[in-house]
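Colleague: Here is my input, please return the structure:
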Amino acid sequence: MDIATDCRQVTRLEIVDTGRRRRWSEEEKLRIVEESYSAPRQASATARRHGISNPLLFAWRKAHREGRLGEGGVCGFVPAMIVPEQPKKGPEPAGGRMEVVSVNGRRVIVEPDVDVEALLRIMRGLETLR
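Modeller: Numbers count the residues shown, from 1 in each chain. Now for the predicted structure:
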């Protein structure tokens, strides 16, 4: 049958809106994903019920498993607390030893308050040793 020979009268015409992208909030996505986990074989039925494709639902489920959907996993921030600054109990020990390696591979480990002139004399002396 082609359109010219089909004389039946149309009694119902349904217009399907396509081409427009829907935006789902994180809460809606999470609710749909949780619904899809509620019983075995619920994923396809849940997708049909909400008018989304199976691959989209499975992508949301994967994002949920990886922590990228819901529970604040989207933005990647961690909770922070502001605590009052603790008073210092005395002078802090100087830390951060330095390791100096000469050209011939000899190593010297010194404290940060080392006398630089003395260190240079030691390093020159180590470079002359064979």
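
Colleague: What are the structural domain limits within the chain?
Modeller: The record's domain split for the chain, according to automatic domain parsing, is 26-65, 98-128.

Colleague: Do you have the strands of the chain handy? List them.
Modeller: Taking DSSP state E as the criterion, the chain carries its strands at 98-101, 107-110.

Colleague: thinking again about what came up before, would you tell me which of the domains of the chain gets closest to Ala80?
Modeller: When these are ranked by distance to Ala80, counting by Cβ to Cβ, first place goes to domain 26-65 at 21.2 Å. C-betas here are computed from N, CA, C, even on glycine.

Colleague: The closest one: which residues count as buried?
Modeller: For domain 26-65, burial by neighbour count (16 or more other Cβ atoms under 10 Å) applies to 29-30, 32-33, 35-36, 43, 46-47, 50, 52, 57, 60-61, 63-64.

Colleague: same deal with stretch 98-115?
Modeller: Neighbour-count burial for stretch 98-115 flags Ser102 (criterion: 16+ other Cβ under 10 Å).

Colleague: Put the alpha carbons of that stretch into CSV.
Modeller: Backbone C-alpha positions of stretch 98-115 (Å, rounded to 0.1, in the frame of the first residue of the first chain) are rendered in CSV as follows:
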residue,chain,number,x,y,z
MET,A,98,70.6,18.0,52.4
GLU,A,99,72.5,15.5,50.4
VAL,A,100,75.4,16.9,48.2
VAL,A,101,76.9,14.7,45.6
SER,A,102,80.3,15.5,44.1
VAL,A,103,81.2,15.0,40.5
ASN,A,104,83.0,11.7,41.3
GLY,A,105,79.9,10.4,43.1
ARG,A,106,80.9,11.0,46.7
ARG,A,107,78.0,12.0,48.9
VAL,A,108,77.9,14.3,51.9
ILE,A,109,74.8,14.7,54.0
VAL,A,110,74.6,18.0,56.0
GLU,A,111,72.1,19.8,58.2
PRO,A,112,70.5,23.0,56.8
ASP,A,113,72.6,25.2,59.2
VAL,A,114,75.9,24.0,57.7
ASP,A,115,78.8,26.5,57.2
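
Colleague: No further questions, thank you.
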